[in-house]
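*Asks:* here is the input, now give the coordinates:
(one chain, ligands or ions: 2)
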Amino acid sequence: MSRKILVTGGAGFIGSNFIHYLAEKHPQDEIINLDKLTYAGNLDNLKGIADRPNYRFVRGDIADLELVDGLFQEGLDVAVNFAAETHVDRSIGDPDDFIRTDIYGTYTLLEAARRHGVGCFVQISTDEVYGSVEEGFSNERDPLMPRNPYAASKAGADRLAYSYFATYDLPVIITRASNNFGPYQYPEKVIPLFVTNALDSIPLPLYGDGLNVRDWLFVRDHCSAIDLLISRGEKGETYNIGGGNLLTNRELTARILEFLQLPETLIRRVRDREGHDRRYALDSSKLKKLGWEPEADFAAELETTIAWYRDNRWWWEKIKSGEFKEYYKKQYGNR
Ligand code: NAD
Ligand code: TDX
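*Replies:* Ligands and ions are numbered 1, 2, ... in the order given. Model (predicted):
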C-alpha cells in the first residue's frame with residue numbers, strides 16, 4: 001500500500017536518514033520533504049533521492065500556515081515533524097528561533113492537521129525534555145524538567161502535540177529519542193565535531209570534567225522505531241527511543257581518538273556549557289513491547305560513523321568553511 005508522507009526537516013540529519021530509510025523500506029511511499037534549509041539543512045544529505053518520481057522537495061517554513069495548510073489539504077496519511085532548531089549551545093546564545101520554530105512551527109502543523117485531518121502525526125521530541133537524570137532511567141510518565149531553552153521549546157511542542165490528541169482527537173504519537181549518531185550530522189554536534197576536528201589536528205573542546213553521560217542511538221535504529229510506531233504505535237501515546245549505550249563524553253572521545261589512532265593530547269578541556277545536563281538515560285521498555293530492538297552494535301556503528309566522516313570530507317569541508325566558521329569562533333573563541 002502506498003502512503004503519502006510529509007517529512008518536515010528532511011534535509012537535516014535525522015530527517016534525511018529517515019527519508020533514505022523510507023526510500024529503501026517502503027519505495028512505493030510518496031514523500032514530501034518540507035524544509036526551510038536553515039544552516040542545518042543540506043540537500044547534499046539527500047543524494048540519490050531527488051530524482052525519485054515519488055519524492056518532492058518543498059522549501060519552506062513549518063511556521064508558514066498558508067504553505068503548511070496547502071500541503072495538508074492534499075490529504076496526508078502520515079506527517080513526521082523533525083523540523084526544529086536543535087543545538088543546545090545555540091539555544092543558550094539566542095533562544096528566539098527555537099521558540100518560533102520548535103513551538104510555533106509545531107502549532108502551525110498541528111492546526112493544519114486539525115483542519116484537514118491526517119492518518120498519523122508523529123511529533124519528534126527528545127530525551128532532553130526530562131532534564132538531567134542523575135540516576136535511573138526516565139520513563140514516559142516521569143515529569144518534564146527541561147533545563148535549557150532548546151529542551152524547553154521541545155517540551156512545549158511535545159505537550160502541545162499531546163493536547164491536540166486530548167482535545168481534538170488528532171491521531172498524534174510523540175517520540176523521545178536519545179542522542180543520535182550516524183552520517184550527515186551537522187558538525188556542531190559532539191561526534192562529528194570531534195571526528196572532523198581530530199582529522200584536521202584541531203583540538204577537541206571537551207566541556208567541563210567530561211563526565212556527562214549520554215545514551216547513544218544509531219540513527220538507523222531511530223528510523224526503524226519511528227517506522228514501527230507509525231504502523232503499530234497507539235495514538236495519544238509517548239514512546240522513549242533509547243540506544244541503551246551510556247557513555248561519558250570522556251569515554252566517547254577516547255574511542256574516537258583510538259579509532260583514528262590519534263593521541264589524547266588533542267583533547268582540550270574547556271569551560272563547561274551553562275546548565276549542562278549531567279546525564280540522560282531512557283527506559284525504552286514501552287517501545288520494546290511493540291517489538292522494537294536496536295539492531296546496531298554500538299562499537300561497530302560508532303566506527304562506521306567515524307569512518308564515514310573520514311571518507312566523506314567533501315560533505316563536511318564545505319560546511320566547516322561556511323557559516324560554521326563564524327559560529328565556531330563565537331562559541332569556542334573564549335572558552
Ligand atoms: P538538524 O538540526 O540536523 O535538522 C533540522 C532540520 O530542520 C534542518 O534541515 C533545518 O533546515 C530544518 N528546519 C529548521 N527550522 C525549520 C523551519 N522553521 N521550517 C522548516 N524546516 C526547518 O536536526 P536533527 O538532529 O536531525 O534533529 C531532528 C529532530 O529530532 C529534531 O526535532 C530534534 O529535536 C529531534 N531529536 C534529535 C536528536 C539528536 O540526537 N540529533 C535526539 C532526539 C531528538
Ligand atoms: O564541543 C562540545 N564539547 C562537549 O563536551 C560539544 C558540542 C558537546 N560536548 C558535550 C556536551 C554533551 O554532554 O557532548 C555531549 C553531547 O553534546 P551535543 O552533541 O551538543 O548533544 P546534546 O546537548 O546532548 O543534545 C543532543 O541530544 C538530544 C542533540 O543535539 C539534541 O538535538 C537532542 O535533542
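
*Asks:* CA-only coordinates of the longest strand seen in the chain in CSV, if you can.
*Replies:* Counting residues, the longest strand found in the chain (DSSP state E) is strand 118-126. Output in CSV follows, covering the C-alpha atoms of strand 118-126 (Å, rounded to 0.1, in the frame of the first residue of the first chain):
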residue,chain,number,x,y,z
VAL,A,118,-4.1,13.2,8.9
GLY,A,119,-3.8,9.4,9.4
CYS,A,120,-0.9,9.8,11.9
PHE,A,121,1.0,12.8,13.2
VAL,A,122,4.4,11.9,14.7
GLN,A,123,6.0,14.6,16.8
ILE,A,124,9.7,14.0,17.2
SER,A,125,10.6,15.1,20.7
THR,A,126,13.7,14.3,22.7
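
*Asks:* list the contacts of it.
*Replies:* With contacts defined as C-beta atoms under 8 Å, 6 or more residues apart in numbering, strand 118-126 is touched by 3, 14, 72, 76-82, 84, 106, 109-110, 113, 151, 154-155, 157-158, 161, 164, 170-177, 226, 229-230, 233, 235, 238. Backbone N, C-alpha and C define where each C-beta goes, glycine included.

*Asks:* and stretch 26-37, by the same measure?
*Replies:* By C-beta under 8 Å, 6+ apart, the residues outside stretch 26-37 that reach it are 1-12, 15, 19, 22-23, 41, 43, 46, 52, 54-62, 67-68, 71, 74, 76, 83, 101, 227.

*Asks:* from those residues, which would you call buried?
*Replies:* For the contacts of stretch 26-37, a burial check counting by 16 or more other C-beta atoms under 10 Å picks out 3-12, 15, 19, 22-23, 41, 43, 46, 55, 57-58, 60-62, 67-68, 71, 76, 83, 101, 227.

*Asks:* from these, which are also near ligand 1?
*Replies:* Intersecting these with the surroundings of ligand 1, defined as C-beta under 6 Å from any ligand atom, gives 8, 9, 11, 12, 15, 41, 61, 62, 83, 101.

*Asks:* so what's residue 152 up against?
*Replies:* By C-beta under 8 Å, 6+ apart, the contact list for residue 152 reads residue 146.
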